[in-house]
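Enquirer: Quick check, what structure comes out for this input:
(one chain, ligands or ions: 2)
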Amino acid sequence: MGVLGARGKVGAEVCRAVAAADGVELVAEVDQGDPIGALVDSRAEVVVDFTHPDVVMDNLAFCIEHGIHAVVGTTGFDEVRLSALRDQLTSAPAVGVLIAPNFSIGAIVMMRFAAQAARFYESVEVVELHHPDKADAPSGTARRTAELIAAARREAGMSPPPDATSTGLEGARGADVDGIRVHSLRIRGLVAHQEVILGGVGETLTIRHDSMDRASFTPGVLTGVRQVAARPGLTVGLEHFLDLD
Ligand SMILES: NC(=O)C1=CN([C@@H]2O[C@H](COP(=O)(O)OP(=O)(O)OC[C@H]3O[C@@H](n4cnc5c(N)ncnc54)[C@H](OP(=O)(O)O)[C@@H]3O)[C@@H](O)[C@H]2O)C=CC1
Ligand SMILES: O=C(O)C1=N[C@H](C(=O)O)C[C@H](O)C1
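Expert: Residues are numbered from 1 along each chain as shown. Ligands and ions are numbered 1, 2, ... in the order given. The predicted structure follows:
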């Protein structure tokens, strides 16, 4: 396998984890300025991408064109990008691409719990907290969480969360993701954290997840690497590769 973004914060952690893992061989470490052709020259069958939202689509076009399966942690995916990938994959039906907004098991369970709880609470907002070197806001995890909550609320026939606020200051109420408010904090010292706060009459429920170390992402990445070749087409979310029930 190969790693794109191999000298980055998560990519370097993935390289370390692969070196210590059974049954997976690291044949290419590619970062900014290195030729992406090294993936082909080294005969990488699977590529892990932790680069940047601005470059990930070009990376994936290269992988799909060369029949290389991809496990993607890089963020920045919306429906337009996902649909472009589905189109590209029609000409490479054997290739598997996994896009996972978050590879840590706790974050996946947190998103599932939030979706389960959504229909019981009138109010819900998402607060994501990350290190200040993060490229994007809101985080991919927060976007996905808000979309899952919004879908659960729609299925339950709920109205939008109540909010009588009048504010002349743009941003004071966070971003609107599918009708759910998402707030992004960037604080030195943090890694990746999220709270989903739900409220009903006389009570609140807070679901919180903390990644204190980027090693929290690597077991999920290895699961993706081991399974992606057997899952052709586009998969969004590592939960589809796990048995959570
Ligand atoms: N899904 C998940 O579980 C997780 C996802 N992420 C996401 O992964 C991405 C990377 O995060 P992080 O590791 O913190 O970021 P970093 O900036 O630390 O690492 C990204 C690396 O990719 C390099 N890079 C940039 N462009 C290219 C390119 N075209 N080809 C190869 N390498 C390139 C960068 O080089 P340079 O610095 O020189 O530009 C850098 O070394 C982000 O989108 C982040 O949100 C992060 C953690 C977990
Ligand atoms: O940039 C990060 O650090 C992270 N990015 C992902 C996201 O945007 O959700 C996953 C995790 O939160 C860490």
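
Enquirer: any idea how far the spatially most central residue of the chain lies from ligand 1?
Expert: Geometric centre of the chain, nearest residue: P101, 0.8 Å, by Cα atoms, centre = their mean. As judged by Cβ to the nearest ligand atom, to the nearest Å, P101 and ligand 1 stand 6 Å apart. C-beta coordinates here come from the backbone N, C-alpha and C atoms, glycine included.

Enquirer: D49 too?
Expert: 8 Å.

Enquirer: V109 now?
Expert: 14 Å.

Enquirer: So what does the residue lying farthest from the centre of the chain have for phi and psi?
Expert: The C-alpha centroid of the chain is most remote from G202, which lies 33.4 Å away (Cα atoms, centre = their mean). Dihedral pair for G202: phi 80, psi 10, per degrees, to the nearest 10.

Enquirer: and it, what does it touch?
Expert: With contacts defined as Cβ atoms under 8 Å, 6 or more residues apart in numbering, G202 is in contact with no residue.

Enquirer: Relative to L85, how far out is it?
Expert: Separation of G202 from L85 (Cβ to Cβ, to the nearest Å) stands at 45 Å.

Enquirer: Stretch 231-242 near ligand 1 anywhere?
Expert: No. Against ligand 1, stretch 231-242 shows no contacts by Cβ under 6 Å from any ligand atom, the least distance being 8.3 Å.

Enquirer: and that stretch, average pLDDT?
Expert: For stretch 231-242, mean pLDDT is 97.

Enquirer: Wondering if that stretch reaches ligand 2 at all.
Expert: No. Using Cβ under 6 Å from any ligand atom, stretch 231-242 stays clear of ligand 2, with a minimum separation of 11.4 Å.

Enquirer: Convert the C-alpha atoms of the biggest helix by length in the chain to PDB, please.
Expert: If you go by DSSP state H, the chain has its longest helix at helix 140-155. Provided in PDB are the C-alpha atoms of helix 140-155 (Å, rounded to 0.1, in the frame of the first residue of the first chain):
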ATOM      1  CA  GLY A 140     -16.000  16.700   8.200                       C
ATOM      2  CA  THR A 141     -17.200  14.800  11.300                       C
ATOM      3  CA  ALA A 142     -19.400  17.700  12.300                       C
ATOM      4  CA  ARG A 143     -20.900  18.000   8.800                       C
ATOM      5  CA  ARG A 144     -21.600  14.300   8.800                       C
ATOM      6  CA  THR A 145     -23.100  14.400  12.300                       C
ATOM      7  CA  ALA A 146     -25.400  17.300  11.400                       C
ATOM      8  CA  GLU A 147     -26.500  15.500   8.200                       C
ATOM      9  CA  LEU A 148     -27.300  12.300  10.100                       C
ATOM     10  CA  ILE A 149     -29.200  14.200  12.800                       C
ATOM     11  CA  ALA A 150     -31.100  16.200  10.100                       C
ATOM     12  CA  ALA A 151     -32.100  12.900   8.300                       C
ATOM     13  CA  ALA A 152     -33.300  11.400  11.600                       C
ATOM     14  CA  ARG A 153     -35.400  14.400  12.400                       C
ATOM     15  CA  ARG A 154     -36.900  14.500   8.900                       C
ATOM     16  CA  GLU A 155     -37.700  10.800   9.200                       C
END
